[in-house]
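# Output the structure for:
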Amino acid sequence: MATLKLKPGVVTGSALQELFAYCKEAKCALPAVNVIGSHTANAAMEAAREAKAPIIIQLSQSGSAFYAGKFIDNAAQQGSIAGSIAGALHVRSMAAVYGVPVVLHTDHCAAKLLPWVDGVLTAGEEYFAKNGEPLPESMRKGLRFAFIKPTAKVWASQRPFRQYGQSGMQFSDWMPHMATCADDLCMVRSMYSDQFNHHPGQLLMQCGRASFGLPCMGSWLTYGLGSESQNLPGYVVLTAGRGSSGGASLWQSGFLPSAYSGVLFRNKGEAVLNLQNPPGISRKLQRQGLDALARVNQTRFQEIRDPEIASRIASYELAYKMQQYAPEAVDFSQETEATQKLYGLDQSKTGSPSVQP
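As a prediction, the model looks like this:
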């Protein structure tokens with residue numbers, strides 16, 4: 001049988017599961033003591049120290065009221081809630097001093113006393129949101145976290161959440177407008193990620209796996225559906241602000257032909273770089289050069305059938321067409337004033353020098 005090693009203090013998370021598993025295997029019971037004040041809590045922890053064993057300290061509804069004192073009005077369970085909080089904080093601070101592992105627990109209660117349980121749960125959520133809790137050792141053993149120290153605390157969300165719509169879908173106060181569309185949305189709650197850094201997380205979202213060399217979602221869509229546009233890319237990438245930390249890896253075509261990669265339209269300066277011919281190169285001369293290059297590439301393609309050669313030919317032709325049509329696509333000067341306002345061009349936060357009328 002494995003030896004149980006628990007640190008003194010309140011036992012939570014995986015350590016608590018480890019304790020229960022040990023007791024089940026050893027066929028031993030954990031003593032549980034109802035306490036009504038700091039004196040009885042201290043006595044229970046002193047007895048656990050003498051026995052060199054963990055202990056469950058329980059705070060019942062009536063015991064919590066005793067903990068708070070008889071002069072605290074308990075008509076709406078305020079006294080029991082305050083007493084439970086005081087007892088939990090006391091045990092949390094003293095368990096390590098006594099050197100014993102303690103499991104904090106609430107006693108059962110009648111249905112009419114459930115507001116006490118609700119109040120205790122709310123207080124617990126507020127405590128962890130403010131103070132956090134160290135990451136269990138079982139989770140950080142053998143792991144190396146970038147930018148995260150092993151002693152870092154796990155924090156609850158700092159944002160308040162509310163239910164919206166008939167569906168009761170939960171949104172934080174950071175998304176008040178999206179929350180109004182709750183009944184029109186499908187929220188998938190079963191999806192999660194074990195990636196905790198920006199770039200791997202972005203790769204997982206865009207490519208399905210946190211690995212380089214895979215096609216992104218936009219590349220797959222372009223590959224599967226094609227594009228009706230003959231003069232502009234089928235897959236255009238728009239970025240905001242400084243963009244993402246993943247950069248071009250987030251719109252890569254991976255093992256698909258490079259013709260399915262995204263084309264970045266910048267939000268400052270020229271929307272697409274290098275569309276203008278250098279001085280002295282006319283459209284006619286450029287066309288002649290591209291035709292000659294296409295013939296050479298086509299000859300080579302017939303020999304080795306490399307799909308990248310075909311992608312290169314298509315890219316050259318697309319770039320030639322974009323010289324004529326891309327400036328028009330990002331020119332909003334022909335749009336009505338109402339349309340320009342819908343684009344947000346009249347606002348400093350959403351207007352962009354590359355698309356200003």
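# got the residue ranges for the strands in the chain?
Along the chain, counting by DSSP state E, strands occupy 9-10, 32-34, 55-59, 101-106, 133-134, 153-154, 161-164, 169-172, 236-238, 263-265.
# Going by contacts, tell me the helices and strands next to the longest one.
Where contact means 3 or more CB pairs under 8 Å, 6 or more residues apart in numbering; DSSP states H and E, strand 101-106 is packed against strand 9-10, helix 13-26, strand 55-59, helix 78-98. Every C-beta, even on glycine, is put in place using the N, C-alpha and C of the backbone.
# same check, this time on the first one
Taking 3+ CB pairs under 8 Å, 6+ apart as contact, the helices and strands that strand 9-10 lies on are helix 78-98, strand 101-106.
# what is the mean pLDDT for the longest one?
Think helix 78-98. Averaged across helix 78-98, the pLDDT comes to 92.
# That helix to strand 101-106, inter-axis angle?
Orientation note: helix 78-98 sits at an angle of 170 degrees relative to strand 101-106 (axes from the mean of the first three to the mean of the last three CA atoms, to 10 degrees).
# got the contact list for helix 78-98?
The contact list for helix 78-98 (CB atoms under 8 Å, 6 or more residues apart in numbering) reads 8-10, 35, 38, 41-42, 45-46, 48-49, 57, 59, 61-69, 72-74, 101-102, 104, 106, 113, 116, 119-120, 123-124.
# got the buried residues for it?
78-88, 90-91, 94-95, 98 (16 or more other CB atoms under 10 Å).
# thinking again about what came up before, now for the strands of the chain, which one comes closest to M191?
Proximity to M191 (CB to CB) singles out strand 169-172 among the strands of the chain, at 15.3 Å.
# Please pull out the lowest mean pLDDT helix or strand from this protein.
helix 137-140 (a mean of 64; mean pLDDT, DSSP states H and E).
# Could you report the distance from G201 to R209?
Computed as CB to CB, to the nearest Å, the G201 to R209 distance reads 12 Å.
# more neighbours, those two?
Shown here are G201 and R209; by other CB atoms under 10 Å, G201 has more neighbours (16 against 12).
# Is that one in contact with S193, as I believe?
Yes: assessed by CB atoms under 8 Å, G201 is found in contact with S193 at 6.1 Å.
# where exactly do the helices run in the protein?
Secondary structure of the chain (DSSP state H): helices located at 13-26, 38-51, 61-68, 78-98, 114-131, 137-140, 176-179, 198-207, 217-225, 283-304, 307-329, 337-343.
# I'd like these as TSV, with distance to T239 appended.
Putting these into TSV (distance: least, CB to CB, whole Å) gives the following:
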stretch	distance to T239
helix 13-26	39
helix 38-51	57
helix 61-68	55
helix 78-98	47
helix 114-131	33
helix 137-140	35
helix 176-179	21
helix 198-207	12
helix 217-225	13
helix 283-304	29
helix 307-329	16
helix 337-343	16
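# Now the nearest residue to F66 once chain neighbours are set aside. Its backbone dihedrals?
Nearest non-adjacent residue to F66, counting by CB to CB, 6 or more residues apart in numbering: I36, 3.9 Å away. Note on I36: its backbone torsions stand at phi -130, psi 10 [degrees, to the nearest 10].
# quick one on the thing from earlier: would you turn the helices and strands packed on strand 101-106 into JSON lines with distance to Q158?
JSON lines is the format used below for those (distance: least, CB to CB, whole Å):
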{"stretch": "strand 9-10", "distance to Q158": "23"}
{"stretch": "helix 13-26", "distance to Q158": "20"}
{"stretch": "strand 55-59", "distance to Q158": "27"}
{"stretch": "helix 78-98", "distance to Q158": "20"}
